[in-house]
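Chemist: Give the three-dimensional model of this entry:
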Amino acid sequence: MTVSVNLNGAEQRRPSRFGRMLEDRLPYLIVAPAILILLLVGLFPLIYSLIVSFQRITMTENDTSFVGFLNYAELFRDARLWASLGHTAIITAIALPLELLIGFLMAQLFIDRMPGRQLFVALLVLPTVISPIVAGATWRLMFDVRFGPIGQILSFFAGEQVRILWTVNPAFVYPAIIICEVWQWSPFMFLLLLAALSNVDQSQLEAAEIDGASYLRVLRAIVLPAIAPVIAVACLIRGLDLVRIFDVIWALTEGGPGSMTETISLYTYVQGFSQFETSYTAAISFLVIALLTLITTLVLKRMELAR
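Modeler: Now for the predicted structure:
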């Protein structure tokens, strides 16, 4: 360490090269253990699954030799796999717009100050903090044909006994799943959109009101462009959640009747933990990862172009 003398005669110590290097790299050294743990927890299983997908490991066979793209070729011949992707797409295509619309309407309702606003917002958010498996089990009880309150309410308004097998009848299983999903996750959209609407420039809204612009004109020209980035992020988050939906459907229908509501997550679970097709399950997982990566990349590029 070098020593210098200032004008007042006091000694000042300059850090050595090692000291300066240590000071520059100290932030990286602090976060290095956390990054290492994340890599071990996330990257190692990913690499191991990729290796397993090129092997032939099943419940009765433990062939760790390289079999090439045999498992991936099997994906394109698996009709049940593509059916499960179709079921996932149906649920996503219906539930996501409904959640967005209901969340936006709720946000519009609570954007103005009102008595008890904070209490109502806190109550509306409660479904989001419930575990999805608990929410699915609760709605299964509510849909019960004998003791469920939904059947009793419908019977009251119909004036006669209404017996709907919500989780068994093919005509009602998808509405049951959509109702449960929309009930639980519309408050999530509501919170994000409420925060976005609160940050809209009020001066523009006041100027539009003075000019006599209609509500729809203000919505289309000012509000929606201002909250578009938040809408895109919210749809991306919920879209990815819906693609990997598992808990609610497992609690409500377990993929039934038959495999009518079997999503890609349920099918992967069945292949991995019921059929014990370990290598094939790993190949399915990487197919899903590839599809999600592609969708996310396209959405992010679209957001960048819109910006």
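
Chemist: Grab the nearest non-local neighbour of Val67.
Modeler: The shortest distance from Val67 to any non-neighbouring residue, by C-beta to C-beta, 6 or more residues apart in numbering, is to Arg56 (5.0 Å). For the C-beta atoms, the positions are set from N, CA and C on the backbone; glycine is no exception.

Chemist: could you measure Ile102 against Ile179, distance?
Modeler: Counting by C-beta to C-beta, to the nearest Å, the gap between Ile102 and Ile179 amounts to 12 Å.

Chemist: What sits closest to Asn199 if chain neighbours are left out?
Modeler: Ala226 (7.7 Å).

Chemist: And that neighbour, how far from Ala232?
Modeler: In terms of C-beta to C-beta, Ala226 sits 13 Å off from Ala232.

Chemist: From Thr293, how far off is the residue nearest to the spatial centre of the chain?
Modeler: For the chain, the residue nearest the mean C-alpha position is Asp241 (2.3 Å; C-alpha atoms, centre = their mean). For Asp241, the distance to Thr293 equals 16 Å [C-beta to C-beta].

Chemist: Val223: neighbour count?
Modeler: Val223: 20 surrounding residues under other C-beta atoms under 10 Å.

Chemist: ok, Ala196 - contacts?
Modeler: Ala196 makes contact with 107, 226-227, 230-231, according to C-beta atoms under 8 Å, 6 or more residues apart in numbering.

Chemist: how about these in a markdown table, adding neighbour count and pLDDT?
Modeler: As requested, those are exported to a markdown table (neighbours: other C-beta atoms under 10 Å; pLDDT from 0 to 100):
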| residue | neighbour count | pLDDT |
| --- | --- | --- |
| Ala107 | 21 | 92 |
| Ala226 | 16 | 90 |
| Ile227 | 21 | 92 |
| Val230 | 16 | 92 |
| Ile231 | 17 | 93 |
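
Chemist: average model confidence for the helix or strand containing Ala137?
Modeler: Here Ala137, judged by DSSP states H and E, is contained in helix 132-142. The predicted model gives helix 132-142 an average pLDDT of 94.

Chemist: Show me which positions of it end up buried.
Modeler: 132, 135-140, 142 (16 or more other C-beta atoms under 10 Å).

Chemist: same question, stretch 289-299
Modeler: Residues of stretch 289-299 classed as buried: Val299 (neighbour count, 16+ other C-beta under 10 Å).

Chemist: Please work out which residues outside that stretch touch it.
Modeler: Residues contacting stretch 289-299 (C-beta under 8 Å, 6+ apart): 232, 236, 239-240, 243.

Chemist: Filter those down to the buried ones, PyMOL style.
Modeler: Selection of buried members from these for PyMOL, criterion 16+ other C-beta under 10 Å:
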select buried, resi 232+239+243
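
Chemist: Can you add pLDDT, secondary structure and distance to Ile47 and give the contacts of stretch 289-299 back as TSV?
Modeler: As requested, these are exported to TSV (pLDDT from 0 to 100; DSSP: H, G, I helix; E, B strand; the rest coil; distance: C-beta to C-beta, whole Å):
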residue	pLDDT	secondary structure	distance to Ile47
Ala232	90	helix	32
Leu236	91	helix	26
Gly239	92	helix	27
Leu240	91	helix	22
Val243	91	helix	23
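
Chemist: Which of the contacts of stretch 289-299 sits closest to Asp63?
Modeler: Nearest to Asp63, judged by C-beta to C-beta, of the contacts of stretch 289-299 is Val243 at 31.3 Å.
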